[in-house]
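Student: Turn this into a structure:
(one chain, ligands or ions: 1)
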Amino acid sequence: VNAPRKQATAALTATALLLVIGATADAAELSAAKPCPLPKRPPGTVSEPGQALRRTGRCVPQERERIRTVGIPPYTDGSTGLGDPYFPSAGNGGYDAKNYDVTLAYRSPDKHIDAVVKMTATATQALSGFSLDLRGLRVRSVLVDGLPAVFRRERQELMVTPATPLPRGRSFTTVVRYSGRPGPLSGPMLGTYGWIPTQDGILTLSEPDGTPTWMPVNDHPRDKATYTFRVTVPNWLQVIANGEPRPPVRGAATTTYTWVERSPMASYLAMIAIGRFRTLRGRAGSLPVITAVDPQYAGAAGKLHRTTIAVLNWQRSLFGRYPFATGGGVIDDPDVGYALETQERPVYAGFVPDTDFIVHELAHQWFGNSVSLTAWPDIWLNEGFATYAEWLWQEHRTAKAKKGRRDTAKKIFTRYYRQPADSPIFQPPPGQPGRRDLFGFSVYIRGAMCLQALRQRIGDRAFFRTLRAWIAERRHGNGRTADFVALAERQSGRQLDRLFHAWLYAKGKPRDW
Ligand SMILES: [Zn+2]
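Tutor: Next up, the predicted model:
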């Protein structure tokens with residue numbers, strides 16, 4: 001067994017050596033008996049000490065290298081990215097995050113945080129180590145299943161080596177303790193995002209990759225998870241976040257606010273807002289709606305609240321059941337120039353939104369939040385659809401007006417189509433806009449035009465059936481452009497390659513489709 005053993009030993013990774021395997025049989029037995037049958041072991045499981053070589057009758061135990069051939073995969077580190085074409089190091093391979101329990105203490109006025117994030121995940125491969133995404137901040141300790149783990153930092157990766165390797169299929173917890181003063185990111189076309197200071201606190205707006213500025217996370221929409229936020233702030237501040245609130249717990253100087261997001265959520269949609277807020281509660285049908293506005297926008301609270309309820313009711317009649325436990329909206333003061341569809345509670349940053357804005361962000365609850373991207377180049381599945389919802393709102397709003405005053409999606413399409421070919425609404429093609437133009441005009445406008453072109457081709461019945469099926473079939477999941485095209489073809493019985501190619505991928509102004 002010398003040569004094969006040497007080979008096999010080399011093939012074993014350091015962690016796989018943790019397999020404890022019994023003694024070698026003596027020479028006399030080896031010559032006298034047949035080798036024992038190898039135990040069947042599902043891939044990815046670790047053998048118990050001695051079990052692999054337990055004798056049965058007069059057979060001879062087989063050596064370590066033979067046992068490895070039954071298919072225990074080597075333990076390897078999960079990848080440090082998911083290979084997204086635009087954000088290759090966003091997200092991490094080898095595990096599926098199920099829940100993040102975020103405990104965060106916020107200090108004022110220096111906006112320093114002390115935080116503990118507990119991630120519960122399942123290993124999707126036999127793991128010797130894995131990564132989380134985290135930018136900046138000081139990591140104090142990492143525990144995996146309660147045991148101290150070795151960790152190191154490399155750019156946006158927090159690389160963790162647990163004391164014991166993780167078999168495939170194992171559910172495990174990772175507890176990261178960290179502290180520091182988070183700050184925002186900024187990028188061309190992306191603006192300011194991540195952890196953003198406000199006059200009286202902070203606000204997180206993290207699309208596309210800003211959540212690692214304030215918490216360790218598997219930062220890609222492909223790995224959605226549920227979240228609990230427990231945020232402790234000085235008594236004079238409040239906390240708003242995604243999901244449902246629990247009663248705040250007030251201490252002598254600080255109050256802890258807990259919010260629970262029970263539906264799977266893409267990491268970029270995680271939102272906490274710390275500050276002073278005027279909060280309104282109501283219902284859209286039976287759905288609880290929570291609106292919170294910074295005091296400087298107090299006068300706009302009622303209108304935002306009422307419009308949110310009216311729009312949610314209309315969208316439910318159009319897109320089907322609302323996918324989450326609550327609805328709402330937040331106005332806070334950082335003037336970053338955009339709104340974000342943060343799950344259950346969109347944020348309008350630095351302005352009072354008009355109805356179109358509210359329609360857009362709430363439409364994302366179905367398109368983008370419940371049905372999420374599989375890869376960032378498919379961003380038109382979020383933005384084209386939410387923009388098209390605005391056109392549908394115009395159509396709905398003016399439905400009872402005199403004929404000349406009606407503003408249909410078809411009319412809006414026609415107005416845009418008159419724009420010259422070199423208009424930024426036409427390029428780059430929205431199906432593959434490039435990282436720089438992720439949130440460019442064409443993703444929104446030409447993306448919405450693609451849907452109108454589809455509607456005109458397949459008719460209203462098949463079109464709205466397609467939208468509702470997209471939502472119903474992929475609720476709390478993910479989708480790709482190719483999936484949507486296939487669905488539209490199934491629902492309409494038409495061949496639609498040419499139409500989608502013209503509107504999503506062809507250069508210049510679409511001509512024939
Ligand atoms: Zn949007």
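Student: Which of the helices or strands spans residue 301?
Tutor: Secondary structure from DSSP states H and E places residue 301 in helix 301-319.
Student: distance between that helix and the chain's centre?
Tutor: 25 Å (CA atoms, centre = their mean, to the nearest Å).
Student: and if you look at stretch 353-363?
Tutor: On CA atoms, centre = their mean, the centre of stretch 353-363 falls 21 Å from the chain's centre.
Student: Kindly report the same for stretch 412-425.
Tutor: 33 Å.
Student: got the contact list for that stretch?
Tutor: Contact with stretch 412-425 is made by 391, 394, 426, 440-442, 445-446, 448-449, 452-453, 508-509, as judged by CB atoms under 8 Å, 6 or more residues apart in numbering. (Glycine included, C-beta is placed from N, CA and C.)
Student: could you redo the last one with a cut-off of 6 Å?
Tutor: By CB atoms under 6 Å, 6 or more residues apart in numbering, the residues outside stretch 412-425 that reach it are 391, 441, 442, 445, 446, 449, 452, 508, 509.
Student: Among those residues, which lie within strands?
Tutor: Per DSSP state E, strands hold no members of these.
Student: Need these in JSON lines (columns: distance to the ion).
Tutor: Below are these laid out as JSON lines (distance: CB to the ion, whole Å):
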{"residue": "391", "distance to the ion": "14"}
{"residue": "441", "distance to the ion": "12"}
{"residue": "442", "distance to the ion": "14"}
{"residue": "445", "distance to the ion": "12"}
{"residue": "446", "distance to the ion": "14"}
{"residue": "449", "distance to the ion": "16"}
{"residue": "452", "distance to the ion": "17"}
{"residue": "508", "distance to the ion": "25"}
{"residue": "509", "distance to the ion": "23"}
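Student: ok, and the most crowded of those?
Tutor: Counting neighbours by other CB atoms under 10 Å, the top entry in those is residue 446, with 30 neighbours.
Student: Would you point out the most distant pair within the contacts of stretch 412-425?
Tutor: Greatest spatial distance in the contacts of stretch 412-425: 391 and 508, 22.7 Å, computed using CB to CB.
Student: Would you check how far apart the one residue in the stretch 1-150 of the chain that gets nearest to the ion and residue 356 are?
Tutor: Closest residue of the stretch 1-150 of the chain to the ion, CB to the ion: residue 86 (16.6 Å). To residue 356, residue 86 is 27 Å away according to CB to CB, to the nearest Å.
Student: if we can go back for a sec, what are the contacting residues of the helix holding residue 301?
Tutor: Outside helix 301-319, the residues touching it (CB under 6 Å, 6+ apart) are 278, 280, 284, 289, 291, 293, 322, 327, 329, 355, 358-359, 362, 366, 471.
Student: Tell me if I'm right that residue 170 and residue 125 touch.
Tutor: No - contact status for residue 170 versus residue 125: not in contact, 10.5 Å apart, counting by CB atoms under 6 Å.
Student: which of these two has more neighbours?
Tutor: Taking neighbours as other CB under 10 Å, residue 170 and residue 125 compare with residue 125 leading, 22 against 19.
Student: what's the closest non-adjacent residue to the more buried one?
Tutor: Nearest-residue entry for residue 125: residue 94, 4.8 Å, with adjacent residues in sequence omitted and distances by CB to CB, 6 or more residues apart in numbering.
Student: Can you get me a residue count around that neighbour?
Tutor: Neighbours of residue 94 using other CB under 10 Å come to 22.
Student: that older thread, could you measure the residue of the stretch 1-150 of the chain closest to the ion against residue 208, distance?
Tutor: For residue 86, the distance to residue 208 - CB to CB - is 8 Å.
Student: Settle it for me: which of these two has more neighbours?
Tutor: residue 208 (24 against 17).
Student: three-state assignment of that one?
Tutor: coil (DSSP: H, G, I helix; E, B strand; the rest coil).
Student: Who are the contact partners of it?
Tutor: Residue 208 touches residue 268, counting by CB under 6 Å, 6+ apart.
Student: now with 8 Å?
Tutor: Counting by CB under 8 Å, 6+ apart, residue 208 has contacts 86, 87, 90, 190, 268, 376, 438.
Student: Can you pull the phi and psi angles for the closest residue to the second one other than its chain neighbours?
Tutor: Right, the one you point to is residue 87. Using CB to CB, 6+ apart and skipping residues adjacent in sequence, the residue nearest residue 87 is residue 209, 5.5 Å away. Here is the backbone geometry of residue 209 (degrees, to the nearest 10): phi -140, psi 40.
Student: Looks like residue 209 contacts residue 90 (just checking).
Tutor: Yes - Residue 209 lies in contact with residue 90 (CB atoms under 8 Å); the separation is 5.1 Å.
Student: between the two, what contacts are shared?
Tutor: Counting by CB under 8 Å, 6+ apart, the residues touching both residue 209 and residue 90 are 133, 219.
Student: Inside strands: which ones of the contacts of helix 301-319?
Tutor: 278, 280, 284, 289, 291, 293, 327, 329.
Student: in the stretch 301-450 of the chain, what residue is nearest the ion?
Tutor: residue 386 (4.4 Å).
Student: Now do the strand or helix carrying that residue against helix 301-319, angle only.
Tutor: Residue 386 is located in helix 380-397, with elements delineated by DSSP H and E. Angle, helix 380-397 to helix 301-319, by axes from the mean of the first three to the mean of the last three CA atoms, to 10 degrees: 100 degrees.
Student: Next, the buried residues of the helix or strand that helix 380-397 is followed by.
Tutor: Per DSSP H and E, the first helix or strand lying C-terminal to helix 380-397 is helix 409-417. For helix 409-417, the buried set under the neighbour-count rule, 16 or more other CB atoms under 10 Å, comprises 409, 412, 413, 416.
Student: Quick check: of those residues, which lies closest to residue 181?
Tutor: residue 416 (44.4 Å).
Student: wait, what's in contact with the most centrally placed residue in the chain?
Tutor: Compute the mean C-alpha point of the chain, and by CA atoms, centre = their mean the closest residue is residue 266, 1.8 Å away. Going by CB under 8 Å, 6+ apart, residue 266 touches 220, 221, 224, 343, 369, 372, 373.
Student: Could you tell me how many residues sit around the fourth one?
Tutor: The one in question is residue 343. That count, for residue 343 with other CB under 10 Å as the rule, works out to 27.
Student: rewinding a little: need the residues touching each of residue 86 and residue 208.
Tutor: 376, 438.
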